[in-house]
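Novice: Pasting the sequence and the predicted model now:
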Amino acid sequence: MIFIILRVSFVCLTTVLGGLLAHWGKLDATLLTGALSGVGVGLLAVLIEFLVTRLKMAHILTVVLCLLFSIFLTDILVLFPLIRGDFAVRYYAGAILIIFYVLLLICYTKRRDIEDLFTNLGILKQQESRYKVLDTSAIIDGRIADISKIKFLEGEILIPKFVLNELQQIADSSDTLKRNRGRRGLDILNRVQKEIDIPVRIIDTDFPELVDVDSKLIKLAQHLGAKVVTNDFNLNKIAQLQNVPVLNINDLANALKPVVLPGEGLNITIIKEGKESSQGVGYLDDGTMVVVDNGRRYIGSNVNVVITSTLQTSAGRMIFGKLASHV
């Protein structure tokens, strides 16, 4: 709010100064013309400030260096005999503009390499990404609301409009399961916007040339320097291949599961049979599967189990054990 007040005050000040200069000065202009000129100058200054403050420091440094290098190259060109004389001033301004444009275009195409160069030279510090972009799977999953509420995520959460549209399509699906998942996702979004303290914003940025939502997410993350929050295994891998940081909620859940070691004891309920004829299967409170040898006949009963081994898979962790009475 304070920035809005300062900007409005600045424009008012330039308007008054423009009018006073036109009225009291030796300018060949009316009071109204001077005031309008002051408004124009003030708005232009505010626009420049608005755009520059949203640029990364690496981009600002690049623009400044391109401008300085353009002036340097133009000064060298002016030394040549062919362009000395009356045309030097006219050529000088045009040359600066052309060289600056070419350098800026080159730097824009290589902007990530330039950012890395500034970081490696110690000119810029490596900063944590401010933005976290949610994909559809992370929203439908629902755990993002609890993670955000307890402030495990920092910065600003962004929800692209194209993700919201995909979620709406799922909620309007004729398939009951998809429809329920879509509506759950919309409820989670409503909860995220109302209950958590960190900023949540829906953005309209889109990439019409891309059809796939995953491709749009990756492009948006690259454009903003953001991290993608997802549960999608394929999106996770594609993003990593394109050097886009990913926060996978499943990876977080797996990392937070309690560590159990062979020889420790558990008390679980056997709820179904395993793949082998004698095996029984139960689950810990966090959903970890426990496969128990000779546990099939105890389906529906609580049993004491001694852990024999653990197995980490892409789907999660599995624990293998034996009945304590058989050890």
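Specialist: Arrived safely.
Novice: Touching the helix or strand where Gln312 lies from outside, list them.
Specialist: Following DSSP states H and E, one finds Gln312 within strand 302-313. Under the contact criterion Cβ atoms under 8 Å, 6 or more residues apart in numbering, strand 302-313 has outside partners 254, 260-270, 282, 290, 292-293, 295, 317-325, 327. (C-beta placed from N, C-alpha, C; glycine too.)
Novice: List only those of those residues flagged as buried.
Specialist: Buried members of the contacts of strand 302-313, counted by 16 or more other Cβ atoms under 10 Å: 254, 260, 266, 268, 270, 282, 290, 292-293, 295, 317, 319-321, 323.
Novice: Could you list which of the contacts of strand 302-313 belong to strands?
Specialist: 265-269, 282, 290, 292-293, 317-323 (DSSP state E).
Novice: who are the neighbours in contact with Arg184?
Specialist: Per Cβ under 8 Å, 6+ apart, neighbours of Arg184: 140, 142.
Novice: What pLDDT does the model give it?
Specialist: Turning to Arg184, the model gives it a pLDDT of 87.
Novice: Next: Ser148.
Specialist: So Ser148 comes in at 78 (pLDDT).
Novice: Return the list of helices and strands in contact with the helix or strand hosting it.
Specialist: Counting by DSSP H and E, the element that carries Ser148 is helix 143-149. Judged by 3 or more Cβ pairs under 8 Å, 6 or more residues apart in numbering; DSSP states H and E, helix 143-149 is in contact with helix 176-195, helix 249-255.
Novice: Check those for me: which has the lowest mean pLDDT.
Specialist: Here the lowest mean pLDDT among the helices and strands packed on helix 143-149 goes to helix 249-255, at a mean of 78.
Novice: List the buried residues in it.
Specialist: Buried residues in helix 249-255 (16+ other Cβ under 10 Å): 249-250, 253-254.
Novice: quick revisit: buried residues in the strand holding Gln312, which are they?
Specialist: Under 16+ other Cβ under 10 Å, the buried positions of strand 302-313 are 303, 305-307, 310.
Novice: Could you dump the residues you listed into JSON lines with distance to Ile147 and pLDDT added?
Specialist: Shown next, in JSON lines, are those (distance: Cβ to Cβ, whole Å; pLDDT from 0 to 100):
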{"residue": "Val303", "distance to Ile147": "34", "pLDDT": "88"}
{"residue": "Val305", "distance to Ile147": "31", "pLDDT": "88"}
{"residue": "Val306", "distance to Ile147": "34", "pLDDT": "89"}
{"residue": "Ile307", "distance to Ile147": "29", "pLDDT": "89"}
{"residue": "Thr310", "distance to Ile147": "25", "pLDDT": "82"}
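Novice: Good, wrapping up.
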